[in-house]
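Engineer: Give the three-dimensional model of this entry:
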Amino acid sequence: MKLSRLLSVLRLSCPADAEIASLACDSREVRPGALFVALPGAREDGHAHIGEAIQRGAAAVLCAPPLPEGVPAVAVDDPRAALGPIAAQFYGWPARQMTMLAVTGTKGKTTTAHMLRAILTEAGRRCGMIGTLGSFLGDGLIAPAANTTPEPIALHRTLRQMADGGCTHVVMEVSSQAMKLRRVEGIDFAAGLFLNLSPDHIGEYEHADLAEYRACKAALFRQCRVAVGNLADPAWPAMRAQLRPGAPAFTFGMCSGADVRGALLPPEGLSSRLAVAGSPEPYLISMPGEFNAANALAAIALCRTIGVDDSAVRRGLAKVSVPGRAQLYPAPAPYSILIDYAHNGQSFRALLSALRPHVEGRIIALFGAGGDRPPIRRVDMGRAAAQFADYAVLTEDNPRSERAEDICAQIAAAIGDAIPHVTVPDRREAIFAALDMARSGDLVALLGKGHEDYIERNGVRRHFSEWEALEDYFRAGGGR
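Structural biologist: As a prediction, this is how the structure comes out:
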């Protein structure tokens, strides 16, 4: 594609035209004929790598002033704002060929996105999904996740693949960082879904404070034709206020006044049940806990907004499974096994307290804590386990530069004498030990790793899959 055609989307001209074969915002990925877009970064400025990009064969450069010499170069005030439309132009505006659905919130984006994908698939739509666990076309993973919301070049390349693959709908997790860094610039969303907002992602390389975090979340809704939001969350008015004039807004919640109002019913095994006002039968959700029922209610509300048949909603929610998010392992045993990504005190409390009504026997919590992270996190996890579990098996998570034994000792000190606990540093051995002690009616909760398939020690990631460890255990005759 000619540089002049690429720049036309920004109504910019170029001093000399060039044929553009690819796009790159990382100088290490530049190939001959590429347009290199020099992005400002938290740690490095792409402007410092323009020389390297030219040496690698960049045919043109787009950057903030000053302009380099030696190749056609175009100056823009904000290269990040420019990159989204340029990537969309290069890949033929694929998002315009599909119904784009955005999900945002501090907690629950991944689970809710999977619920929406399951529902849309049941409704006969070919659905793409982009988020924390990667980019999916149907059931197949087509790209791993470097970020919850990819940078514009990777994003529009993936959307092009989805459109060419026959997708009619795309469910996207849109993070606050993606809005701050303008990764979805130029995408028109048919609907945006707001789940919740709580203090998180505030720090040197993320958001300056809660106000900026909230503002970045809210900015998404300027790009949405319809908004669906959690009426009970205090941040919802800030989201709704960013809608374009005349754009409708709908609400959900387990509270009076919501357009789609739900109520949690007594569980059915490890599934949740949700009553929704105006629906004759409750919805069965294949995941335990009030927070998963709340995610399901959000999905129901969005699907009603875009006209998805209720029978498809029910089928999708009854069978959805999210890797590493309250994911049940089909154990050939009289006890249950659950894998979850919970890795701080808040998520421990939410999950373990939600599991209690579903479990007749003991909750055996297996977990560790990440190394090179604030010690208070491991203390909070230990205290939460002491409050809501019956037994703890302490083990490695990602110890990084620390010793797993030292991390476990800090967790054990936080637990104290509240519940029995044992330390087994090797995670595979710890899983086997937890399963060996499980009895009929117990629940073994493997916490912290979730979807991750590695353990990181001293800068090296070695493959480790909890699912594979469980398969090995039962293949060897365990649980009998």
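Engineer: and the longest strand for the chain?
Structural biologist: The longest strand of the chain (DSSP state E) is strand 260-268.
Engineer: Who are the packing partners of the helix or strand where residue 112 lies?
Structural biologist: Assigning secondary structure by DSSP states H and E places residue 112 in helix 109-122. When contacts are defined as 3 or more CB pairs under 8 Å, 6 or more residues apart in numbering; DSSP states H and E, helix 109-122 sits against strand 99-104, strand 127-131, strand 169-173, helix 290-305, helix 310-319. Quick note: C-beta positions are derived from backbone N, CA and C, even for glycine.
Engineer: now the angle from that helix to strand 99-104?
Structural biologist: Calculated by axes from the mean of the first three to the mean of the last three CA atoms, to 10 degrees, helix 109-122 forms an angle of 150 degrees with strand 99-104.
Engineer: who wins for proximity to residue 216 among the helices and strands packed on helix 109-122?
Structural biologist: strand 99-104 (9.4 Å; CB to CB).
Engineer: Direction included, what does that closest one pair against?
Structural biologist: strand 169-173 (parallel), strand 191-194 (parallel) (DSSP bridges).
Engineer: Could you say which of those is packed most deeply?
Structural biologist: strand 191-194 (a mean of 28; mean count of other CB atoms under 10 Å).
Engineer: Could you tell me the average pLDDT over it, please?
Structural biologist: For strand 191-194, the mean per-residue pLDDT is 98.
Engineer: Quick one: residues in contact with it.
Structural biologist: Contacting residues not belonging to strand 191-194 are listed as 101-105, 112, 174, 217, 220-221, 223-230, 233, 235-236, 239, 298, 301-302, 305-306 [CB atoms under 8 Å, 6 or more residues apart in numbering].
Engineer: before we move on, the earlier item: with distance to residue 352 as added columns, please give the strands paired with strand 99-104 in a markdown table.
Structural biologist: Below are the strands paired with strand 99-104 laid out as a markdown table (distance: least, CB to CB, whole Å):
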| stretch | distance to residue 352 |
| --- | --- |
| strand 169-173 | 25 |
| strand 191-194 | 26 |
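Engineer: on that earlier part again, for the helices and strands packed on helix 109-122, which one sits closest to residue 283?
Structural biologist: Using CB to CB, those put helix 310-319 closest to residue 283, at 5.6 Å.
Engineer: one step back: against which helices or strands is the longest strand of the chain packed?
Structural biologist: Going by 3+ CB pairs under 8 Å, 6+ apart, strand 260-268 lies up against strand 249-253, strand 271-276, helix 290-305.
Engineer: Check which element follows the strand or helix carrying residue 430 along the chain.
Structural biologist: Per DSSP H and E, residue 430 falls inside helix 427-437. Under the assignment DSSP H and E, the closest C-terminal helix or strand after helix 427-437 is strand 443-447.
Engineer: quick one: strands adjacent to that next one?
Structural biologist: Strand 443-447 is paired, per DSSP bridges, with strand 336-340 (parallel), strand 363-367 (parallel).
Engineer: Could you single out the most deeply buried of the ones you listed?
Structural biologist: Among those, ranked by average contacts under mean count of other CB under 10 Å, first place goes to strand 363-367 (a mean of 27).
Engineer: Can I get that one as CSV, trimmed to CA atoms?
Structural biologist: What follows is strand 363-367, C-alpha atoms only, in CSV (Å, rounded to 0.1, in the frame of the first residue of the first chain):
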residue,chain,number,x,y,z
ILE,A,363,-12.1,-26.8,51.2
ILE,A,364,-8.5,-27.7,50.7
ALA,A,365,-6.7,-24.7,49.3
LEU,A,366,-3.4,-25.2,47.5
PHE,A,367,-1.5,-22.0,46.8
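Engineer: what's the following helix or strand after that strand?
Structural biologist: Next along from strand 363-367, by DSSP H and E: helix 375-388.
Engineer: so what secondary structure elements neighbour that following helix?
Structural biologist: For helix 375-388, the packing partners by 3+ CB pairs under 8 Å, 6+ apart come out as helix 345-355, strand 363-367, strand 391-394, helix 404-415.
Engineer: Which of these has the lowest mean pLDDT?
Structural biologist: Among these, helix 345-355 scores lowest, at a mean of 92.
Engineer: Next, the angle strand 443-447 makes with that one.
Structural biologist: Using the same axes, to 10 degrees: helix 345-355 against strand 443-447 is 160 degrees.
Engineer: Low-confidence bits of the chain, can you list those?
Structural biologist: 42, 199-207, 479-480 (pLDDT under 70).
Engineer: circling back to that earlier point, how about a markdown table for the helices and strands packed on strand 260-268, with mean neighbour count added?
Structural biologist: A markdown table is the format used below for the helices and strands packed on strand 260-268 (neighbours: other CB atoms under 10 Å):
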| stretch | mean neighbour count |
| --- | --- |
| strand 249-253 | 22 |
| strand 271-276 | 20 |
| helix 290-305 | 25 |
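Engineer: Please identify which of those is closest to residue 70.
Structural biologist: Smallest distance to residue 70 across these (CB to CB): 49.9 Å, for helix 290-305.
Engineer: Next up, the contacts around residue 1.
Structural biologist: 19-20, 89-90.
Engineer: Outline the domain layout of this structure.
Structural biologist: 3-90, 94-319, 327-475 (automatic domain parsing).
Engineer: number of nearby residues for residue 28?
Structural biologist: 9 (other CB atoms under 10 Å).
Engineer: how close does the spatially most central residue of the chain sit to residue 237?
Structural biologist: Per CA atoms, centre = their mean, the C-alpha nearest to the average position across the chain is that of residue 132, at 3.3 Å. From residue 132 over to residue 237 the distance is 27 Å, taken as CB to CB, to the nearest Å.
Engineer: try residue 462
Structural biologist: 47 Å.
Engineer: So the two - more neighbours on which side?
Structural biologist: residue 237 (12 against 8).
Engineer: chain center to the helix or strand containing the more buried one: distance?
Structural biologist: Taking DSSP H and E as the criterion, residue 237 maps to helix 236-240. Relative to its chain's centre, helix 236-240 lies at 21 Å (CA atoms, centre = their mean, to the nearest Å).
Engineer: Which positions in that helix come out as buried?
Structural biologist: Of all the residues in helix 236-240, those buried under the rule 16 or more other CB atoms under 10 Å are 236, 238-240.
Engineer: what's the answer for stretch 134-148, then?
Structural biologist: Quick answer for stretch 134-148 (16+ other CB under 10 Å): 134-137, 143, 145, 147-148.
Engineer: out of those residues, which are inside helices?
Structural biologist: Within those, no residue falls in helices by DSSP state H.
Engineer: Turn those residues into a markdown table, columns for distance to residue 167.
Structural biologist: Formatted as a markdown table, the buried residues of stretch 134-148 follow (distance: CB to CB, whole Å):
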| residue | distance to residue 167 |
| --- | --- |
| 134 | 15 |
| 135 | 11 |
| 136 | 10 |
| 137 | 7 |
| 143 | 14 |
| 145 | 18 |
| 147 | 21 |
| 148 | 19 |
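Engineer: and which of the residues you listed is nearest residue 37?
Structural biologist: Distances from residue 37 to the buried residues of stretch 134-148, taken by CB to CB, are shortest for residue 147, at 16.6 Å.
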